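Participant: Sharing a model prediction with you, sequence too.
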Amino acid sequence: MSNMLAQRMRRFLLAPVILLSIGLAATGCTTNAATGEQRFLLGYMSPQQQIALGEQALPELTQEYGGEVPSSDIQAYITQIGEKLAATTEADNPSLPWKFTLLNSPVINAFALPGGKVFVSRGLAEKLTNEAQLAGVLGHEIGHVTAEHIAERVQAQMGTQLLAQVLSAAAGSSDSAALQQMTDLIVGYGGQGYLLSFSRGQELEADKLGMRYMSRAGYDPVAQRQVMVILEKETGGARPPEIMSTHPYPENRIAQIDELLATKYADITGNPKYKLYPERYRKRFLLPISKIPEPKASGGQ
Ligand SMILES: [Zn+2]
């Protein structure tokens, strides 16, 4: 067999293999452990890329919202609640590099970055009246992380060129131009980054997951409804709380929470085994935070 012929044969034999693998790459799916949803691998940010994006955006976003509340005791309390919830998440999610940050900002907001970075502002936490409500807020944000909602938005809405850059960036690389571009989209617009506001479906999913995690951690999921009532009251004020722009569709959310409380959580709601912890919240958070002055310039406006 001549060299030329051998080459042609090889090409001929390889062609179906190549076509097959392209086909697999284009139609290949991965299943999200928290939601059970399938998503196409094409344009999917790997868990490593999500972690790298979260770590890249963390310091900028923290800065944008007045930095951390300067109290290691209070941060430790928030972290303890967050870690208790994160431990109840699915598959490999408990081992994500979780970080729970209490932002020293009077605005009312909470958000999460991909890969396990969760934030709540003191402005929001100070409106809450028990630990289970805070667990509801953190659980909702954890739900955005485990359901990979930011990755979903990236996958659905970013330009193909940027996507290609992201996908070719080395996993774990924190200095790629693409990661910086995405960080800008998250932190930009006065902290109300484009990628940090969610669709109705994503909001409902995050609530569902939040209630799952909080109840697994021993909190009464009725507190999730209490949070919505507190936010509703704030919305009646002069300026709608910022959280309404990052987490829209409050009416749909309350309707779904009520339905879940009446069905899935009917046996749990009011069961004394599932707690609200108002006293512990007062002692470990509301009292000590009241002694820490708010910063003069408020971030995230
Ligand atoms: Zn949300």
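Facilitator: Perfect, I can see it now.

Participant: Pretty sure residue 144 sits in a helix.
Facilitator: Yes: under DSSP: H, G, I helix; E, B strand; the rest coil, residue 144 sits within a helix.

Participant: quick one: contacts for it?
Facilitator: By Cβ atoms under 8 Å, 6 or more residues apart in numbering, the contact set of residue 144 is 111, 112, 150, 198, 202, 206. For the C-beta atoms, the positions are set from N, CA and C on the backbone; glycine is no exception.

Participant: Give me the distance between it and residue 232.
Facilitator: Plainly put, residue 144 is 21 Å away from residue 232 if you go by Cβ to Cβ, to the nearest Å.

Participant: coming back round to it: among the contacts of residue 144, which pair sits farthest apart?
Facilitator: 111 and 202 (12.5 Å; Cβ to Cβ).

Participant: ok, those two, which is more surrounded?
Facilitator: residue 111 (27 against 20; other Cβ atoms under 10 Å).

Participant: Which helix or strand contains that one?
Facilitator: Residue 111 belongs to strand 110-113 when assigned by DSSP states H and E.

Participant: Give me the contact list for that strand.
Facilitator: Outside strand 110-113, the residues that reach it (Cβ under 8 Å, 6+ apart) are 53-54, 57-58, 61, 118-121, 124, 137-138, 140-142, 144-145, 150, 186, 196, 243, 246-247.

Participant: filter those by proximity to the ion?
Facilitator: By Cβ under 5 Å from the ion, the members of the contacts of strand 110-113 lying near the ion are residue 247.

Participant: Next step: the contacts of strand 110-113 restricted to helices.
Facilitator: Counting by DSSP state H, these place 53-54, 57-58, 61, 124, 137-138, 140-142, 144-145, 150, 186, 243, 246 in helices.

Participant: list the contacts for residue 279?
Facilitator: Applying Cβ under 8 Å, 6+ apart, no residues qualify as near residue 279.

Participant: Tell me the gap between the strand or helix carrying it and the middle of its chain.
Facilitator: Using DSSP H and E, residue 279 sits in helix 278-281. Relative to the chain's own centre, helix 278-281 is displaced by 25 Å; criterion: Cα atoms, centre = their mean, to the nearest Å.

Participant: Now do it, average pLDDT.
Facilitator: The pLDDT scores in helix 278-281 average 98.

Participant: related to what we said a few turns ago, write a ChimeraX command that selects only the buried members of the contacts of strand 110-113.
Facilitator: Buried subset of these, written as a ChimeraX selection, criterion 16 or more other Cβ atoms under 10 Å:
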select :53,54,57,58,61,118,119,120,121,124,137,138,140,141,142,144,145,150,186,196,243,246,247
